[in-house]
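>>> output the structure for:
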Amino acid sequence: MIQKINEKAPKWSFFHLYTQPFYRELRIYYYIYNIIMKLNYIVLLLAITLSSAVFGQTTVPALITSNQTWTVSGSPYLIDKNTYIDSGISVIVSPGVDIIFSNNAGLKVDGEFLAAGTASSRISISNAQIELSAKSMAYNDSLQRGALFQYCDITGTGSGSRAITVYTSAIRVDHCNFSDMYYGIYMAGSSSTPRFATITNNDMRGDASNYGYPIYTSGTNITMIVENNYFHDAYYLYLYGTIQFNENKVYNLRAVNFYHYGNASITCNKFMNMSNGVQLSVYAYGIIVNIDFSNNTLDYCGSTAYYPMFKLSRPSSTYLIGSFKANNNNFLTNGGTAAKVEISGSNGTPTNSDTLNFRYNYWGVTNSSTIATYITDYTDNIMIFGTVDHSLFLSAPDSSCGAPPCPSADFVYSSDGRTVTFSRTESLPSGYNMDWNFGDGIGHNENDSTISHTYAQNGTYVVCLEIYRDNGSICDTKCDTISVSASSTCQASFYYATDTSNLYNLYVINNSTGTSSNTQYSWSFGDGSTSNQQHPTHEYDSFGLYSLCLTIYDSAAGCSSTYCDSVGLDSNGIMLKREGFTITVLDEKDILSAPTFSLNANVKLFPNPSTGLVKLNINTSERGQLLTTVLTNVGQQ
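Just a heads-up that it's a prediction; the model follows:
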């Protein structure tokens, strides 16, 4: 024992005395004293640390009338009495700050309250009761100021309380965790004041009894963007207004209730273990709403015979649905005995019903008659306004939400007469296809970014482009109305050519433009004879000069044109040795390569008049010997 102590003892000058009994006791006493002193030092440091924390606490006054920034050095901030932020006053909460409400106190904001933490330094708000009044500064995305809660951990006070009450015109809540709350975000909106809420990337649960409302809204004039949230272990979600509810996960709630006073996009969500299912109710009066409920998964939703997995309600025929589609959803395990899909709402005209697009869904079976038993609609009761079209159902669950985002079906076009060029600027990712319908009974289903189509007739056409997935389900559709007409009016025209093998035949070369298969022809030969053939032959009884006229008419192009020119053989020339001559009408395209035709339009003689020496310029693509006869103005060769 003594040896061990000596080995660790300091080597003072009287070290050798430690071996004596008296100094041995002194050594042991010193050792114990040293330990006690070290313990006291540790206790002293702890006391200093705790004292420092106490000194950093800030009690928030009841009236805040000057701009403030709440920092970590002043944290935690205690709100132990009802507190008011005056109009025009800003309170900025820094990352890492703790805010503690006590004594059932609340914070009313007529100015600005901004709590923006970071992923690594979150803000904690305990027992929160915050009211953003109609006077408070709304969230402004471009300035990143106003009613903003970001990277906050927010706890409520349990039954009946509201963590955040929103009367201001805009709020953003992002990357926050809500717990032990009765109302997480309570938002009311009047019909006269539009309100906006952006609620993204949050984890929101109810109170300890799985009760409470993560989001509770009311009012008609609200626009909500609710994306990438996890709502769980609570009671209901109540969402009013114009709604974007995308890529959320909802677990262990009674129901999600959507009240549509505007358009809705509800896509790529997972609704699981919900006893009352998903309920969509349309209340839009005086406007037409469009609803897209697609690519969602519903599993263990619904209960008993009263609550289906999914219910679409239109309480009155005065509420108007413009378009509705529920495509690529997975209706998996039914939580009860009610239908998987129920349509509800009175039918003003029982002789017919609205057709509701529920195509390309997975129902858990692949038998159409069985799927029909999962649906309650007009076919079960003629007083229900809608009939579910469940055709083209899927044979396996849809997983397209994991695929690239659905490309837009937007297109632009330009026209050149009746030829129209359509194009898309957005590339088409793998797994998607295009189908064009040009509105004239002709389509195109190749994945070309640019496609041209020529219409046979002038008119107005509805052109539609459909983007669909490899499994055949429709992703996006766009239709546009276009008008086409001929780019220019038709023009009658012709010229002449001689036949070197028969001097008494003239050929009339028809080079009219703007013609089509619908063009009609009328020839007047100048001697009282006419023809409606496109390529007539006419024989004149005597030599002379005649006026030859061509009139063309195209009803489809809406044009007509007449062209006249003199024609004949002079009796003073060699070609006038016999009586009469014949003309034959030909298309220009049929004679351009014929070697036996000498086209007057391609022959030039100069100088003219001449004293005897002339130059002849013949422009032709033919090769070989060429016999040419030149006549004077009196017919001399």
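>>> buried residues in stretch 489-499?
By 16 or more other C-beta atoms under 10 Å, the buried positions in stretch 489-499 come out as Cys490, Ala492, Ser493, Phe494, Tyr496, Ala497, Thr498. (Each C-beta comes from the backbone N, C-alpha and C, glycine too.)
>>> looking at those residues, which are in strands?
The members of the buried residues of stretch 489-499 that map onto strands under DSSP state E are Phe494, Tyr496, Ala497, Thr498.
>>> closest one of those to Leu312?
Phe494 (68.5 Å; C-beta to C-beta).
>>> beta partners for the closest one?
With DSSP bridges applied, the residues forming beta bridges to Phe494 are Asn510.
>>> can you map out the strands along the stretch 501-637 of the chain?
Shown for the stretch 501-637 of the chain, the strands assigned by DSSP state E, counting those that start in this stretch span residues 502-510, 520-524, 530-531, 537-540, 544-554, 559-569, 581-587, 597-599, 603-606, 615-618.
>>> residues in contact with the second one: which ones?
It refers to strand 520-524. 530-534, 536, 538, 547-555, 585 (C-beta atoms under 8 Å, 6 or more residues apart in numbering).
>>> so for that strand, what's the average pLDDT?
What strand 520-524 shows for mean pLDDT is 91.
>>> let's number from 34 now, not from 1
From this message on, residue numbering opens at 34, which makes the last subject strand 553-557.
>>> which neighbours in the sheet does it have, and how are they oriented?
Paired strands of strand 553-557, with direction, are strand 563-564 (antiparallel), strand 577-587 (antiparallel) (DSSP bridges).
>>> quick one: that strand to strand 527-532, angle?
Counting by axes from the mean of the first three to the mean of the last three C-alpha atoms, to 10 degrees, strand 553-557 points 70 degrees away from the direction of strand 527-532.
>>> tell me which residues of strand 553-557 are tucked away?
Those buried within strand 553-557 under the rule 16+ other C-beta under 10 Å are Tyr554, Ser555, Trp556, Ser557.
>>> output those as a markdown table; include the columns distance to Ala317.
Formatted as a markdown table, the buried residues of strand 553-557 follow (distance: C-beta to C-beta, whole Å):
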| residue | distance to Ala317 |
| --- | --- |
| Tyr554 | 60 |
| Ser555 | 61 |
| Trp556 | 66 |
| Ser557 | 67 |
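>>> picking up where we left off before, so which of the buried residues of stretch 522-532 is the closest to Asp509?
Among the buried residues of stretch 522-532, and counting by C-beta to C-beta, the member closest to Asp509 is Cys523, at 40.9 Å.
>>> contacts only, for the closest one.
Ser545, Thr546, Gly547, Thr548, Thr552, Ile585, Asp587, Ala590, Cys592, Ser593, Ser594 are the contacts of Cys523 under C-beta under 8 Å, 6+ apart.
>>> pick out the residue closest to the middle of the protein.
Ser441 (5.5 Å; C-alpha atoms, centre = their mean).
>>> contact partners for that residue?
Taking C-beta under 8 Å, 6+ apart as the definition, contacts of Ser441 comprise Glu459, Ile500, Asp509, Lys511.
>>> my guess is Arg451 contacts Tyr488. True?
Yes. The pair Arg451 / Tyr488 is scored as a contact, 4.4 Å apart, by C-beta atoms under 8 Å.
>>> returning to what we had before: taking the buried residues of stretch 522-532 together, which two end up most distant?
Largest separation among these by C-beta to C-beta: Cys523 and Thr531, giving 27.6 Å.
>>> contacts for stretch 293-301?
So stretch 293-301 is contacted by 253-256, 273-280, 291, 313-317, 320, 322-329, 434 (C-beta under 8 Å, 6+ apart).
>>> in the stretch 34-183 of the chain, which spans are helices?
Counting by DSSP state H, counting those that start in this stretch, the segments of the stretch 34-183 of the chain that form helices are 35-41, 54-89.
>>> in the chain, which strand has the most residues?
The strand spanning the most residues in the chain, taking DSSP E as the definition, is strand 185-199.
>>> which residues are in contact with the helix or strand that comes right after that strand?
Counting by DSSP states H and E, the next helix or strand C-terminal to strand 185-199 is strand 203-207. Outside strand 203-207, the residues that touch it by C-beta under 8 Å, 6+ apart are 165, 171-174, 179-184, 197, 218, 220, 228-235.
>>> name the strands paired with strand 203-207 and say parallel or antiparallel.
strand 181-183 (parallel), strand 228-233 (parallel).
>>> so Thr469 touches Asn480, yeah?
In this structure residue 469 is Trp, not Thr. No. With contact defined as C-beta under 8 Å, Trp469 and Asn480 do not form a contacting pair (10.5 Å).
>>> higher neighbour count, those two?
Shown here are Trp469 and Asn480; by other C-beta atoms under 10 Å, Trp469 has more neighbours (19 against 13).
>>> so what sits opposite the more buried one in the bridge?
Applying DSSP bridges to Trp469, the residues it is bridged with are His477, Leu498.
>>> what is the neighbour count of Gly476?
Gly476 has 13 nearby residues by other C-beta under 10 Å.
>>> can you give me the pLDDT of it?
On pLDDT, Gly476 comes in at 87.
>>> give me the nearest residue to it, chain neighbours excluded.
Asn470 (4.9 Å; C-beta to C-beta, 6 or more residues apart in numbering).
>>> so what's that neighbour up against?
Per C-beta under 8 Å, 6+ apart, neighbours of Asn470: Gly476, Val496, Cys497, Leu498, Glu499.
>>> the third one contacts Thr514, doesn't it?
No. The pair formed by Cys497 and Thr514 falls short of the contact definition of C-beta under 8 Å, at 10.3 Å.
>>> neighbour count winner among the two?
Per other C-beta under 10 Å, whichever of Cys497 and Thr514 has more neighbours is Cys497, with 16 against 9.
>>> could you find the closest non-adjacent residue to that one?
Setting aside the residues directly before and after it, Cys497 is nearest to Cys512 in space (C-beta to C-beta, 6+ apart), at 4.2 Å.
>>> am I right that the one you found sits in a strand?
Yes. Assessed by DSSP: H, G, I helix; E, B strand; the rest coil, Cys512 belongs to a strand.
>>> what's the burial count for Val398?
Neighbour count of Val398, defined by other C-beta under 10 Å: 13.
>>> on that earlier part again, so which of the contacts of stretch 293-301 are in helices?
The members of the contacts of stretch 293-301 all map outside helices under DSSP state H.
>>> and those, which are buried?
Buried, going by 16+ other C-beta under 10 Å: 253-256, 273-279, 291, 313-317, 322, 324-329, 434, out of the contacts of stretch 293-301.
>>> just the helices in the stretch 284-433 of the chain please.
Under DSSP H, counting those that start in this stretch, the stretch 284-433 of the chain gives helices at 401-406.
>>> so where do the strands sit in it?
Using DSSP E, counting those that start in this stretch, strands in the stretch 284-433 of the chain cover 288-300, 303-307, 310-315, 321-327, 330-334, 343-346, 353-358, 363-364, 374-377, 387-390, 408-409, 419-422.
>>> reformat those as a markdown table; add mean pLDDT.
Converted to a markdown table, the strands of the stretch 284-433 of the chain look like this (pLDDT from 0 to 100):
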| stretch | mean pLDDT |
| --- | --- |
| strand 288-300 | 94 |
| strand 303-307 | 96 |
| strand 310-315 | 95 |
| strand 321-327 | 93 |
| strand 330-334 | 96 |
| strand 343-346 | 96 |
| strand 353-358 | 88 |
| strand 363-364 | 97 |
| strand 374-377 | 96 |
| strand 387-390 | 94 |
| strand 408-409 | 96 |
| strand 419-422 | 96 |
